[in-house]
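Q: the sequence isn't on hand, but the structure is:
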Ligand code: PMP
């Protein structure tokens with residue numbers, strides 16, 4: 001389809017990728033944060049400029065219009081993941097979404113995590129006083145759901161898995177994870193940070209109970225994300241931060257709270273960011289998540305084939321990883337590789353990727369990671385491989 005062929009692999013829509021010197025920048029760090037399309041930048045500029053006012057309080061028309069824009073953003077974000085607007089709590093990002101759930105869930109019992117989780121799906125549970133159990137991985141770096149089945153007990157309140165791993169790109173079988181959790185009376189949280197930019201995501205099809213994601217990895221602004229939760233579950237959770245906008249009535253003796261999701265949104269919200277977030281959902285929907293997934297899959301294959309042909313490269317994760325390739329080259333530290341690639345205008349990520357337990361499991365301290373987005377193209381991969389060959393020559 002014409003929209004797709006015009007949008008995928010097209011850098012011109014992304015001012016962050018348009019070079020003023022004519023030298024292309026090969027941005028392969030979209031899993032850390034994605035570049036922003038004009039459509040998002042325009043929506044943010046309008047919201048911050050011509051349309052700007054506060055929401056929910058104004059008796060004047062500009063504020064009433066902004067409130068409509070803000071609440072329409074919530075609705076479009078909900079629709080993007082197949083939910084409804086009363087199920088979307090705005091947060092600062094996925095990290096805050098997981099903290100909210102870990103702190104607000106009424107019974108802090110046992111939670112089953114996996115060995116590949118990002119620190120933001122480990123530390124909040126520890127801090128909030130949960131007893132953490134850890135599901136192992138299969139050989140090729142997928143969450144081992146057979147092991148999860150034997151580990152889960154009636155004491156588990158929660159199962160919390162990355163939908164897509166930010167290091168390995170592996171995709172969990174969410175439907176089966178949901179069935180396993182529900183069979184013991186537990187709830188399933190999926191950390192959807194890396195999934196929403198790369199896969200069609202639908203809450204009904206996944207059958208999870210909570211879903212956390214960040215706008216900035218989905219071509220939207222930083223500083224905003226969401227916790228999607230089943231309305232009955234959110235409705236039964238107490239607030240976790242107090243302030244304006246989350247109350248019904250306040251006296252010094254007794255305060256009552258607004259219904260969810262407002263109950264979890266204390267203070268003046270991130271109005272502009274919410275509008276940019278919705279613009280990002282509209283933009284990716286227009287291109288189509290199926291098409292984005294296929295585009296990234298082709299780039300993953302090109303990268304894995306080229307790296308796999310080198311006899312000094314270790315590849316991590318499954319063949320069909322979603323948009324992300326982690327690897328190591330014998331005798332070259334990922335940081336050195338990243339620094340030399342930068343001289344070639346190739347940007348990759350090197351380090352533990354906020355997944356130290358996974359690094360320990362893999363027996364490494366760091367990996368190099370290339371990750372793709374809508375704008376990535378074959379030339380980015382070619383530049384990466386050329387840069388790796390040059391690095392190997394430098395290291396002799
Ligand atoms: N989970 C995963 C899988 C991630 O990749 C990230 C971001 N690297 C996060 C959680 C945290 O997201 P944020 O920093 O936007 O809150």
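A: Okay, I see it. All of these numbers come straight from a predicted model, not from anything done at the bench. Numbering: from 1, shown residues only.
Q: how about the residues of the chain near the ligand?
A: Taking C-beta under 6 Å from any ligand atom, the part of the chain that reaches the ligand is made up of 93-95, 118, 120-121, 162, 166, 191, 193-194, 214, 216, 354. Using the backbone N, CA and C atoms, a C-beta is placed for each residue, glycine as well.
Q: mind doing that once more with 8 Å?
A: Proximity of the chain to the ligand, by C-beta under 8 Å from any ligand atom, involves residues 31-33, 92-98, 117-118, 120-121, 162, 164-166, 191, 193-194, 212, 214, 216-217, 222, 225, 353-354.
Q: surely residue 10 and residue 375 touch.
A: Yes: look at residue 10 against residue 375 with C-beta atoms under 8 Å: they come within range, at 6.3 Å.
Q: between these two, which is the more surrounded one?
A: Higher neighbour count among residue 10 and residue 375: residue 375, with 23 against 15, using other C-beta atoms under 10 Å.
Q: just checking, residue 101 touches residue 212?
A: Yes: applying C-beta under 8 Å as the test, residue 101 and residue 212 come out as touching, 7.5 Å apart.
Q: now intersect the residues of the chain next to the ligand with the strands, please.
A: 162, 191, 212, 214, 225 (DSSP state E).
Q: pLDDT score assigned to the last one?
A: Note on residue 225: pLDDT of 98.
Q: so in terms of bridging, what pairs with it?
A: Here residue 225 sits in beta bridges with residue 91, residue 214, going by DSSP bridges.
Q: and the gap between the nearest residue to residue 19 once chain neighbours are set aside and residue 169?
A: Closest residue to residue 19 apart from its sequence neighbours, by C-beta to C-beta, 6 or more residues apart in numbering: residue 25 at 5.9 Å. According to C-beta to C-beta, to the nearest Å, residue 25 and residue 169 sit 23 Å apart.
Q: of these two, who's got more company?
A: residue 169 (27 against 16).
Q: list the contacts for the residue nearest the centre of the chain?
A: By C-alpha atoms, centre = their mean, the chain has its centre lying nearest to residue 193, at 1.3 Å. Applying C-beta atoms under 8 Å, 6 or more residues apart in numbering to residue 193 gives the contacts 94, 118, 162, 164, 166, 212, 213, 214, 217.
Q: apply 10 Å and report the result again.
A: Counting by C-beta atoms under 10 Å, 6 or more residues apart in numbering, residue 193 touches 31, 93-95, 97-98, 118, 120-121, 162-164, 166, 212-214, 216-218, 225.
Q: residue 21 now?
A: Counting by C-beta under 10 Å, 6+ apart, residue 21 has contacts residue 345.
Q: confirm that it sits in a strand.
A: No: looking at residue 21 with DSSP: H, G, I helix; E, B strand; the rest coil, it is coil, so not inside a strand.
Q: was I right to think residue 321 contacts residue 168?
A: Yes: using C-beta atoms under 10 Å, residue 321 is in contact with residue 168, at 6.0 Å.
Q: overlap in contacts of those two?
A: Both residue 321 and residue 168 are contacted by 140, 141, 142, 315, under the criterion C-beta under 10 Å, 6+ apart.
Q: in a markdown table, list those residues along with neighbour count.
A: Shown next, in a markdown table, are the shared contacts of residue 321 and residue 168 (neighbours: other C-beta atoms under 10 Å):
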| residue | neighbour count |
| --- | --- |
| 140 | 13 |
| 141 | 21 |
| 142 | 19 |
| 315 | 18 |
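Q: now for the residues you listed: which two are most distant?
A: By the measure C-beta to C-beta, 142 and 315 form the most distant pair in the shared contacts of residue 321 and residue 168, at 14.6 Å.
Q: sorry, back to before: which neighbours do residue 10 and residue 375 share?
A: Common contact partners of residue 10 and residue 375 (C-beta under 10 Å, 6+ apart): 17, 37.
Q: and residue 29, how far from residue 347?
A: From residue 29 across to residue 347, the span is 5 Å (C-beta to C-beta).
Q: so what sits against both of the two?
A: 338, 370.
Q: which parts of stretch 264-280 are buried?
A: By neighbour count with 16 or more other C-beta atoms under 10 Å, stretch 264-280 contains the buried residues 264-266, 269-280.
Q: for it, give the mean pLDDT please.
A: 97.
Q: now stretch 228-240
A: 97.
Q: how about stretch 19-26?
A: Per-residue scores along stretch 19-26 average to 86.
Q: any buried residues in it, and which?
A: 24, 25, 26.
Q: relative to residue 368, how far out is the second one?
A: Summarising the geometry, the distance separating residue 25 from residue 368, computed by C-beta to C-beta, is 18 Å.
Q: which parts of the stretch 201-350 of the chain are helices?
A: 203-206, 231-235, 271-287, 289-308, 334-343 (DSSP state H, counting those that start in this stretch).
Q: just the ones you listed: most buried one?
A: helix 271-287 (a mean of 23; mean count of other C-beta atoms under 10 Å).
Q: gap between that helix and the chain center?
A: Here helix 271-287 is found 15 Å from its chain centre; the criterion is C-alpha atoms, centre = their mean, to the nearest Å.
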